[in-house]
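Trainee: compute the structure for the input listed below.
(2 chains)
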Amino acid sequence: RKEVEQDPGPFNVPEGATVAFNCTYSNSASQSFFWYRQDCRKEPKLLMSVYSSGNEDGRFTAQLNRASQYISLLIRDSKLSDSATYLCVVISGGSYIPTFGRGTSLIVHP
Amino acid sequence: NAGVTQTPKFQVLKTGQSMTLQCAQDMNHNSMYWYRQDPGMGLRLIYYSASEGTTDKGEVPNGYNVSRLNKREFSLRLESAAPSQTSVYFCASVVGDRYGYTFGSGTRLTVV
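Mentor: As a prediction, the model looks like this:
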């Protein structure tokens, strides 16, 4: 089993839709979690950290489920500009090494 | 502008040639990383430096060497380039493991 797994998609949704991605991780000692966004042929950019209590940033909501070992990203009212690949990142306790998922592709169409 | 700067942005090498990819950050970050990204493979860690003066192998270190020249700079060297090293290379840095990583804009390397 891979350390961090994501459904590669693509998720093809209309503008205004709500879409959710999950990311599962295998190391129960994982302590830090992030969602990154990567546009085609660009570098990954931090979208948001994921806190134990869940957190929201505008249309984006991130949640952590430690019992089931997954994090989620919910995007409400999807915009065309949300089209990108979303990477989850997991860091194990005491480690300086982030493990990246392979990403989930989102395509928002008119 | 503050951030992570990578040079060059594009490079074409012939098999067997050597080159060094440069990375510098001006955010006073402790840890720096080199990744390669290939279609369908995601980001794979080549080498990392947890702090100035230390370097460690990542998932795919073969064919590469690194130098943490000082706190700002972390270079990646290909001693004898091979076609399998054709990829996009990203440098990243972070101040601590509870904070997000900042990436450079990448180097697109083709080995022919």
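Trainee: contact partners for the nearest residue to B:Gly16 once chain neighbours are set aside?
Mentor: Distances taken as CB to CB, 6 or more residues apart in numbering or on different chains place B:Ser80 nearest to B:Gly16, at 5.4 Å, with adjacent residues excluded. (Glycine included, C-beta is placed from N, CA and C.) By CB atoms under 8 Å, 6 or more residues apart in numbering or on different chains, the contact list for B:Ser80 reads B:Gly16, B:Gln17, B:Ser18, B:Gly63.
Trainee: want to throw these into a markdown table with neighbour count?
Mentor: A markdown table is the format used below for the contacts of B:Ser80 (neighbours: other CB atoms under 10 Å in any protein chain shown):
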| residue | neighbour count |
| --- | --- |
| B:Gly16 | 10 |
| B:Gln17 | 14 |
| B:Ser18 | 10 |
| B:Gly63 | 14 |
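Trainee: and of the residues you listed, the nearest to chain A?
Mentor: Minimum distance to chain A across the contacts of B:Ser80 is 19.8 Å, recorded for B:Gly63 (CB to the nearest CB).
Trainee: check what pLDDT that closest one gets.
Mentor: Looking at B:Gly63, its pLDDT stands at 96.
Trainee: and A:Gly54, by the same measure?
Mentor: According to the model, A:Gly54 carries a pLDDT of 89.
Trainee: got any ranges where chain A has weak pLDDT?
Mentor: Residues of chain A meeting the criterion pLDDT under 70: A:1, A:93-95.
Trainee: show me what contacts the residue nearest the centre of chain B?
Mentor: Nearest to the mean C-alpha position of chain B, by CA atoms, centre = their mean, lies B:Trp34 at 2.9 Å. B:Trp34 sits next to B:21, B:23, B:45-48, B:58, B:64, B:66, B:74, B:76, B:89-91 when contact means CB under 8 Å, 6+ apart.
Trainee: before we move on, back to that, farthest-apart pair in the contacts of B:Ser80, please.
Mentor: Between any two of those, the greatest separation by CB to CB is 12.7 Å, found for B:Gln17 and B:Gly63.
Trainee: where in chain B is pLDDT low?
Mentor: Under the criterion pLDDT under 70, the flagged ranges of chain B are B:1, B:96-98.
Trainee: what residues does it put near chain A?
Mentor: Chain B has residues B:31, B:33, B:35, B:40-43, B:45, B:48, B:50, B:58, B:90, B:94, B:97-106 near chain A, with proximity defined as CB under 8 Å from any CB of the partner chain.
Trainee: so which of those belong to strands?
Mentor: Taking DSSP state E, the ones among those that sit in strands are B:Ser31, B:Tyr33, B:Tyr35, B:Gly42, B:Leu43, B:Leu45, B:Tyr48, B:Phe90, B:Val94, B:Thr102, B:Phe103.
Trainee: that's all I had, so thanks and see you.
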